Structures are given as C-alpha cells and as structure tokens.
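Trainee: whatever this is, show me its structure:
(chains A and B)
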Amino acid sequence: MTTREFDGIQLERVREFVWEIQQEGDMRVPARVLASEALLEEIGDDRTLQQLKNATHLPGITGHALCMPDGHQGYGFPVGGVGATDVEDGCISPGSVGYDINCGVRMVKTNLTYDDVRGHEEELVDALFANVPSGLGGGGIVEGDIDTVEAVLERGVDWALEAGWAVEDDLTHCEDEGRRPDADPSAVSQKAKDRGKNQLGSLGSGNHFLEVQRVTDVYREDVADAYGLESDQIVVLIHCGSRGLGHQTCTDYLRKIEKQHGDLLAELPDKELAAAPAGSELAEEYYGAMCACINFAWVNRQLIMHRVRQVFERVFDRSWESMDMHLLYDVAHNIAKKEHHTVGVDPQGRPVGGGEAADREERELYVHRKGATRAFPAGHPEVPAAYRDVGQPIIIPGSMGAGSYVLRGGEASMDLTFGSTAHGAGRLMSRTQAKQEFWGETVQDELREGSQVYVKAQSGATVAEEAPGVYKDVDEVVRVSDALGIGDKVARTYPVCNIKG
Amino acid sequence: MSYELRPHTADVAVAATGATLGETFAAVADGLAAAMCDRIPETGERFSVTVRAEGLEALLFDYLDQLIYERDVRGVLPVANEATIREDDGEWVIEASARGVPLADVTARDVKAVTYSEMEVTETADGWQAYVVLDV
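Mentor: The predicted structure follows:
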C-alpha cells in the first residue's frame, strides 16, 4: 500500500489517482484526493489537505469529502472541494459554496474560423473591452433598479428572455435552464441588492475573464459533433459569478449562522465552515437566498453573452444569428444543489462513508461544489435533451498560456464524486508572489508576440496575478479527470483575445 | 500603525499593527485599499462608518464588510482610514471614517469579501496586531 504524508496528514493510495485520508478522531467520514503524484505534491504544499479534513466534520456529510485534481487552499472548505450533506439531518454550509455564489463558465459557439478573426484581433479585443463592463466601478450592461433586481433574483434567465436579452435556446442550454425554482429574493439582504444593482452585466476582476478562443484539438469526434464543436472554430468563454450581490449574501449568512448557531460552529474546526442545521429556518433561508443569487449570476453571464453577440455583429458586420452564436452550455462551479445520489447506508439506514455500508439507497443530499463542476454522464435526465446521449458538457478554463478544455460528464462520476469534476487549473502561486515574478505589460507583450494572444485588462497588476505561470498544469488536471472517467476530454481551445478587470 | 500585504495561494492577506485597537483596525482597512489599488490619489470626501458587533473578530469582519459595501454603493475606494474602538454594554463599537476616492479616479481591482479564515486580533507588547484574509 503506497502512502504519502504531508505535514502529518497521511494519504493511502486506493488505486491510481485516488488517495484516501482515513477516518479518525472527529472526522465523520474519510476524505479523498483525486490526483496524480505530481498534482498531489502541489495539493500537499499548502493547507488544502487540512481544510479537506476539516470539511469531514460537517454534520451529515456523506460518503467522502472530496478534493478534485485542481484543488488548492481556500478558506474553510478547499477550492476544488465537493462535500455532500444529508438534506434531512445534515446541514448546509455557505462557506462550502464560496463567496462568489454561482461563479461559473459558459461557452458560446460561432461559425467563424480562426482565419475569419485573424487581422481583427485588436479591433475585437478593444470593442469587447469597451462594451463589457469589468473591474471595479464599471457599472453594468443593464441599469438595475430595484424592480429589475427582484425580477432577476426570482426568475433568472426567464427575465432576460422577457427583457430581450436572451433567446429560448439560451435557456435550454444552461444548467437548470437558467432558473433555480427554489429562489427566495426576500432572503437576500437589502445590502446585497444595493451592491448588485450597479453590477448587473459585469465581469468583475481577479480570475474572471472573457476570452475569444479557437478550437485546437478534438479528442472525441462523436461528442464534439453533438456539441457542435470542430477544429479551428472560434468560440467565446465567459467566466464570472454573482458579483457583489452573491458575495454579500455569503457574508450575511456566515454572520447569521455565527450568531444563531454558535454552538454548532464551536464544534467545527474552522469558522468559515459555518453551517446551518438541515431543516432549520436559517438553512431554508440560506438555500432560498443562494438560489436567488444563482439566478443573478446566470443573468449576469447571459447579459455578457448577449453583449458579446452585439460586439461581434459590429466587428464582423452581420447578425449574430448568421454567425450561429449559440450557447454551448453554462456550468456553475460554486454552488450547493439538492440532488439525489445513491449512497452506502448502515443497518439503521443512515449514510456512511468508506466501506462499511450494509446497503445502498438513494438519498437527497446538498451537494456542495466549491471550485468543482457538475459532471453528469450520458443518460442522466438533467442533461439537456440535445446532449443526453453523450453526457453533460463541462467547460474547464485553464490559463492564458495553456488554454481551456471542454469535457463531457463521465461514466464514473456518479459513483466516485457525486457527479463532479474539476473546474480549472487551480492556482500554484500567490497573487503577491505573482506580482513579484511577473510584470503585467511584459506578460501582455509576450502573449501577443509569442502566441498571438491579445490581452486587455483594467490593470497590469491583474495580468501579472493571472499570468500563465501562476496556474497548475491544466493538461495534467484534465488527464486525471479523463483517466478516472469523471470528465472525459472532448476538445481543447486556445486563447485569441482576452479581457479582464 | 502599519500594514503589510501577505501571500496567500488564491487571495490576499493583510497583516497590521497599531498602538491602539482602533489604529490597528484602520491599518487593516488601509491594507484592504492597497489590495485593490496600487496608486491612490488625494481626491475624495470623507465619510463615516459606525459598526457594532459581539466580539473583536466579528467587529473587524463587519467593519471591513461595511467598507466593501460603501465602496460598491458610493462608487469610492475607502482610504486614509481612521478609527476608534470602545466597549459598550457587552458589545464592541467602531467609529470610523475614510476618504472616498472616486473609483473613476483610480485603476482598482475588486476584493470580493472579508473572510474569517486565519483571522487574528491579538494584543502585543506595543499595542495590537491583526491578520485577515481577503477573498479576491
């Protein structure tokens, strides 16, 4: 039995790419890390493993606390973490969703090829930068008044359709059709709504971005066909979340839970794991608020996508419909969803982790994915009809140097990871270190001259903090995901133009 | 009073010291501003912020949260922070002010939220020190 140890935490190799931290002490379940040896080295380098162990203390956590191949230290729950808690007698944990509720990615297709865009890169990047608000204080595509915000929180992309910012197809190709039915706008605070009002249709900063890409490789022809992807095709990736509205909501509920369920909090190893007991008023409120924020983020990405369509119309002088700018799919990677999964149970019918299950049964769980993406396989009823035969699309943004991937939900995901896989490359280097190692303008010049990648950002510091060298090897992350059968490689894309805040 | 930005894998941390609690908290707030913006001009009007909380860490959390809120609704970067802290009837109160530099005057990046992760507020021989991780 191969074992590795990092700062006193021991991992046993269960099989290739699957490492287990045995259940001991106050851990309610064991934990697992899905990684190659190389990725495990990086995961073991910061506090990820300790945070993963801490996550196993969440009441009602079922199966294993999981760390995806791109995992890294977050706060409370690691980024790249998946934790499923029982809806009846577990809990829901805002910190295990993240501050940026429904941070996620969508990919928009086009019928343009790289040749169509060459020579237009500067014009395109300038037009996108000028027309998609980014950074701090840039406003939003839509002037949000209080009624608009309420409608967005309640109805998600349905509102966008009514208001002329979406077409039917945009809804059918989005996770949950762009609207969480359990949304409760009244559970979102006035402070959160005040912040969101000025940011409806905006990119934000940090690792959020908008990228025009070209498809460089197709790995599974049949799936790529079903997705409408082919080599040399131009696509657009949009990565952002629920902006200040979501961030405030997470903050509000962390504090509410701290004040109301302090005793439960005292039993958890980290304040950021703050959880409300399943069935409590606060748990219901948070779930409703979170669902409303999820709607806001989908509308945010929808508005940006539609604006991108308008920009392309201006640059290429034809309608977006004639350029087939249809939504491939939109995935959330900071989210908690009520889902049904088959889990091992003890003779009393309570979910158990590890191998002591007396039986297996279907349970409803809050699946928390923080920096992890849903990855439902072929045949799953929640996969849109257009893709049900091949599996749910998964979009994995890499870095400006390494490009991004499209995967499809793999056969092994439901068994291994509650139907989840990685969300990106994961960071390797801190922002402060990145600013010491890289100079924004130099990174931009090198990308343009060396790789024909055109980057425009509100600040050079952001470019430095997001330089290709600060991210883990996304190829390795995807290799592990594919080998495990949780997310299979379909295509690879490479950046052409990138804008960030 | 002084602050320093510290490395953290995905986010940024602020370590601050001060002779009093108020100075220390204000120094953290200056660190928050520095995390958003490298070059800060002398423009803007001062505004006040008062926050009450059940404990010192909660107070620091809520104070920084309030500054982030003010940033988004006023459209300003809160800089040149000043604060005094007192205990009042079992609660802690911070009375603070900041100069709000219009966001239009600066190139600033978003800080999403304050976190409790690794937070520390401790008394030292010379006063106080604090450590906060901010979500970027």
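Trainee: where's the residue minimising distance to the centre of chain B relative to chain A, distance?
Mentor: For chain B, residue B:29 is the residue whose C-alpha lies nearest the centre (C-alpha atoms, centre = their mean; 2.0 Å). In this structure, residue B:29 and chain A are 16 Å apart, going by C-beta to the nearest C-beta, to the nearest Å. No exception for glycine: its C-beta is placed from N, CA and C like everyone else's.
Trainee: which residues does that residue contact?
Mentor: By C-beta atoms under 8 Å, 6 or more residues apart in numbering or on different chains, the contact list for residue B:29 reads B:63, B:64, B:67, B:78, B:81, B:83, B:96, B:98.
Trainee: please, which helix or strand holds it?
Mentor: helix B:21-36 (DSSP states H and E).
Trainee: so for that helix, mean pLDDT?
Mentor: For helix B:21-36, mean pLDDT is 97.
Trainee: how about stretch A:82-91?
Mentor: When pLDDT is averaged over stretch A:82-91, the result is 95.
Trainee: same question for stretch A:459-468.
Mentor: Regarding stretch A:459-468, the rounded mean pLDDT is 86.
Trainee: that one: end-to-end distance?
Mentor: 16 Å (C-alpha to C-alpha, to the nearest Å).
Trainee: and it, is it in reach of chain B?
Mentor: Yes - using C-beta under 8 Å from any C-beta of the partner chain, stretch A:459-468 reaches chain B at A:459, A:461, A:462.
Trainee: the second one touches residue B:108, doesn't it?
Mentor: No - using C-beta atoms under 8 Å, residue A:461 and residue B:108 do not qualify as a contacting pair, with a distance of 9.8 Å.
Trainee: show me which of these two is the more surrounded one.
Mentor: For residue A:461 versus residue B:108, the count of surrounding residues by other C-beta atoms under 10 Å in any protein chain shown is larger for residue B:108: 26 against 22.
Trainee: how about the helices of chain B, start to end?
Mentor: Using DSSP state H, the helices of chain B run over B:21-36, B:56-74.
Trainee: let me have those helices in JSON lines, adding distance to residue A:197 as columns.
Mentor: Formatted as JSON lines, the helices of chain B follow (distance: least, C-beta to C-beta, whole Å):
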{"stretch": "helix B:21-36", "distance to residue A:197": "20"}
{"stretch": "helix B:56-74", "distance to residue A:197": "8"}
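Trainee: tell me which of these is the most buried.
Mentor: Neighbour counts (mean count of other C-beta atoms under 10 Å in any protein chain shown) averaged over each of those peak at helix B:21-36, with a mean of 25.
Trainee: starting at the chain centroid, how far to that helix?
Mentor: 4 Å (C-alpha atoms, centre = their mean, to the nearest Å).
Trainee: list the buried residues in stretch A:65-73.
Mentor: Using 16 or more other C-beta atoms under 10 Å in any protein chain shown as the test for burial, stretch A:65-73 gives A:65, A:66, A:67, A:68, A:69, A:70, A:71, A:72, A:73.
Trainee: same list, those, but only the ones touching chain B.
Mentor: Restricting these to those within reach of chain B (C-beta under 8 Å from any C-beta) leaves A:72, A:73.
Trainee: hmm, back to that, which one of the residues of stretch A:459-468 next to chain B is nearest to chain B?
Mentor: residue A:459 (4.6 Å; C-beta to the nearest C-beta).
Trainee: how many other residues sit next to the residue lying closest to the closest one once chain neighbours are set aside?
Mentor: Excluding its sequence neighbours, the residue lying closest to residue A:459 (C-beta to C-beta, 6 or more residues apart in numbering or on different chains) is residue B:107, at 4.6 Å. When counting by other C-beta under 10 Å, one arrives at 18 neighbours for residue B:107.
Trainee: correct me if wrong: residue B:107 contacts residue A:462.
Mentor: No - using C-beta under 8 Å, residue B:107 is not in contact with residue A:462; the gap is 9.3 Å.
Trainee: I'd assumed residue A:142 was in a strand, is it?
Mentor: No - using DSSP: H, G, I helix; E, B strand; the rest coil, the assignment for residue A:142 is coil, not a strand.
Trainee: got a list of what it touches?
Mentor: A:148, A:163, A:165, A:200, A:201, A:303.
Trainee: quick one, grab the pLDDT at it.
Mentor: 97.
Trainee: do you know how far it is from residue A:196?
Mentor: Residue A:142 is 11 Å from residue A:196, where distance means C-beta to C-beta, to the nearest Å.
Trainee: strands of the stretch 1-150 of chain A, residue ranges please.
Mentor: Taking DSSP state E, counting those that start in this stretch as the criterion, the stretch 1-150 of chain A carries its strands at A:3-6, A:9-15, A:18-21, A:31-34, A:61-75, A:77-86, A:91-92, A:104-113.
Trainee: could I get those strands in JSON lines, plus columns for distance to residue B:89?
Mentor: Converted to JSON lines, the strands of the stretch 1-150 of chain A look like this (distance: least, C-beta to C-beta, whole Å):
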{"stretch": "strand A:3-6", "distance to residue B:89": "47"}
{"stretch": "strand A:9-15", "distance to residue B:89": "44"}
{"stretch": "strand A:18-21", "distance to residue B:89": "46"}
{"stretch": "strand A:31-34", "distance to residue B:89": "44"}
{"stretch": "strand A:61-75", "distance to residue B:89": "31"}
{"stretch": "strand A:77-86", "distance to residue B:89": "35"}
{"stretch": "strand A:91-92", "distance to residue B:89": "33"}
{"stretch": "strand A:104-113", "distance to residue B:89": "45"}
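Trainee: how about those, which one is nearest residue A:448?
Mentor: Closest approach to residue A:448 among the strands of the stretch 1-150 of chain A is made by strand A:104-113 (20.3 Å; C-beta to C-beta).
Trainee: around chain A, which positions in chain B sit nearby?
Mentor: So chain B meets chain A at B:5-12, B:36, B:38, B:54, B:58, B:61-62, B:65, B:68-69, B:71-73, B:75, B:77, B:103-104, B:107-110, B:112-119, B:133, B:135-136 (C-beta under 8 Å from any C-beta).
Trainee: change it to 6 Å
Mentor: Contacts of chain B with chain A, taken as C-beta under 6 Å from any C-beta of the partner chain, map to B:5, B:7-10, B:12, B:65, B:69, B:72-73, B:75, B:103, B:107-110, B:112-113, B:115-117, B:133, B:135-136.
Trainee: emit the ChimeraX select command for whichever of the residues you listed are buried.
Mentor: A single ChimeraX command is used to select the members of the residues of chain B next to chain A judged buried by 16+ other C-beta under 10 Å:
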select /B:5,8,9,10,12,65,69,72,103,107,108,109,110,112,113,115,116,117,133,135,136
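Trainee: now do the strands in chain B.
Mentor: For chain B, the strands defined by DSSP state E occupy B:2-7, B:12-18, B:45-53, B:76-88, B:91-102, B:113-114, B:120-123, B:128-135.
Trainee: mind giving me the packing neighbours of the first one?
Mentor: Read that as strand B:2-7. In terms of contacts (3 or more C-beta pairs under 6 Å, 6 or more residues apart in numbering or on different chains; DSSP states H and E), strand B:2-7 is packed against helix A:431-437, strand B:12-18, helix B:21-36.
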